[in-house]
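# Predicted model and sequence below, questions to follow.
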Amino acid sequence: MKSGSPLKLIDRHKIALVVPAYRARQKVADVVRGVPAWITRIYVVDDGCPESSGDAAEATADARLVIIRRQTNGGVGAAVKTGYVQALADGYDVVVKMDADDQMDPAHLDKLLEPVLTGRADYAKGDRFKDLKALRQMPPVRLFGNRALTFLVKAASGYWRMMDPTNGYTAINRDALERLDLEGVSNGYFFESDMLIRLNIIGAVVEDVPIPARYGDEQSSLHIPSILPVFIYRLARGMSKRILYKYLLYDFSLGSFYLLAGSLLTGFGVIFGAFKWWQAVNAGVAATFGTVMLAALPVLLGVQFLVQAINFDIQSEPRRRGDKVD
């Protein structure tokens with residue numbers, strides 16, 4: 001697709017908006033009213049909301065509005081996937097996702113869509129942390145936690161240039177949606193991170209778009225200490241799945257060799273060294289220099305191979321042909 005102004009390209013595409021709604025009765029109508037006229041369909045997915053958020057959206061009487069009511073609450077991921085499936089069935093080319101809390105400014109919709117409409121990316125997502133004002137207002141502990149989480153998602157997903165991985169202001173093209181195993185994507189708060197992992201597996205190009213958030217008096221329903229262990233476990237499992245598919249099943253590259261050689265050498269060195277240390281302690285005799293080197297050398301070589309595997313993964317991030325490698 002040739003590049004051009006996103007506003008000019010909008011007329012050539014059918015663009016839909018998905019809004020997952022749960023306990024959002026006070027805000028969802030404002031979200032619907034703020035959607036620009038060139039968005040031709042708005043799917044508000046009432047995710048078994050006890051407040052009937054879908055009814056609040058329906059009260060706007062917007063002709064573009066379709067209310068999808070899920071009988072039981074399945075989580076934000078389940079609601080978004082329900083909207084995605086309906087948008088695909090209705091023939092839409094690009095699907096935007098906005099939350100129902102009115103923190104995502106629709107004035108930036110054209111900016112978010114530009115990478116997808118011009119063909120530069122398959123999936124565009126907002127990045128709140130290019131906004132220096134927002135960074136200054138963030139407590140240091142939260143800023144550190146966000147950066148740590150960002151690094152973990154980078155490693156798990158393979159999108160090493162990405163920031164703000166949990167940002168839910170996104171746009172995705174039809175091709176990527178059709179190639180994704182949507183049914184397998186996480187239904188809960190892990191949804192955004194799981195999407196990135198699975199997008200990398202299919203080779204989709206992802207681009208960050210700097211978009212400031214609008215913060216009001218909303219209270220997050222997330223309890224970080226309780227979900228953090230589960231989140232880290234799912235990231236580790238997702239990274240294992242990505243490595244399995246990308247480096248062993250779908251392809252076998254130099255990166256695959258680095259990974260296998262590094263894992264085997266490091267594992268052998270650590271296990272052999274631990275065993276010999278245990279023998280030496282029980283016998284009360286110091287290990288010989290040769291034994292120590294036989295344990296240390298595989299670890300040193302293995303770590304070097306693993307570093308090369310990480311570097312290979314960074315260079316292998318999905319890109320359009322001709323894009324520069326950072």
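Cool, the structure landed.

# who touches the residue nearest to residue 272 when sequence neighbours are not counted in this structure?
Computed as CB to CB, 6 or more residues apart in numbering, the closest residue to residue 272 that is not its neighbour in sequence is residue 295, at 5.1 Å. Placement of C-beta: from N, CA and C, glycine included. Residues near residue 295 by CB atoms under 8 Å, 6 or more residues apart in numbering: 269-270, 272-273, 276.

# Would you tell me what helix or strand residue 295 is located in?
Assigned by DSSP states H and E, residue 295 belongs to helix 289-315.

# I'd like the distance from that helix to the chain centre, please.
Distance of helix 289-315 from its chain centroid, counting by CA atoms, centre = their mean, to the nearest Å, is 30 Å.

# Mean confidence (pLDDT) on it, please.
In this model, helix 289-315 carries a mean pLDDT of 96.

# all strands in the stretch 201-326 of the chain, in order from the N-terminus.
Assigned by DSSP state E, counting those that start in this stretch, the stretch 201-326 of the chain shows strands spanning 206-210.

# Show me the shaky parts of it.
For the stretch 201-326 of the chain, residues meeting the criterion pLDDT under 70 lie at 215-226, 321-326.

# re the thing from before, looking at the contacts of residue 295, which has the most residues close by?
Counting neighbours by other CB atoms under 10 Å, the top entry in these is residue 269, with 20 neighbours.

# What degree of burial does the closest residue to residue 301 other than its chain neighbours show, as a neighbour count?
Nearest residue to residue 301 in three dimensions, chain neighbours excluded: residue 265, at 5.2 Å (CB to CB, 6+ apart). The number of residues packed near residue 265 is 20, by other CB under 10 Å.

# Who are the contact partners of residue 265?
Residue 265 makes contact with 298-299, 301-302, 305, according to CB under 8 Å, 6+ apart.

# ok, now with 10 Å
Residues in contact with residue 265 (CB atoms under 10 Å, 6 or more residues apart in numbering) are 297-306.

# For it, give its distance to residue 294.
Residue 265 sits at a distance of 12 Å from residue 294 (criterion: CB to CB, to the nearest Å).

# do residue 154 as well
For residue 154, the distance to residue 294 (CB to CB) stands at 35 Å.

# Of these two, which one has the most company?
residue 154 (19 against 16).

# ok, now which ones touch the nearest residue to that one once chain neighbours are set aside?
Among residues not flanking residue 154 along the chain, residue 160 sits closest, at 5.1 Å (CB to CB, 6+ apart). Residue 160 makes contact with 151, 154, 310, 313-317, 326, according to CB under 10 Å, 6+ apart.

# where's residue 160 relative to residue 251, distance?
From residue 160 over to residue 251 (counting by CB to CB), the distance is 18 Å.

# again with residue 149
The spacing between residue 149 and residue 251, counted by CB to CB, is 29 Å.

# and if you look at residue 103?
Residue 103 sits at a distance of 39 Å from residue 251 (criterion: CB to CB).

# So the two - more neighbours on which side?
The neighbour comparison of residue 103 against residue 251 (other CB under 10 Å) goes to residue 103, with 18 against 11.
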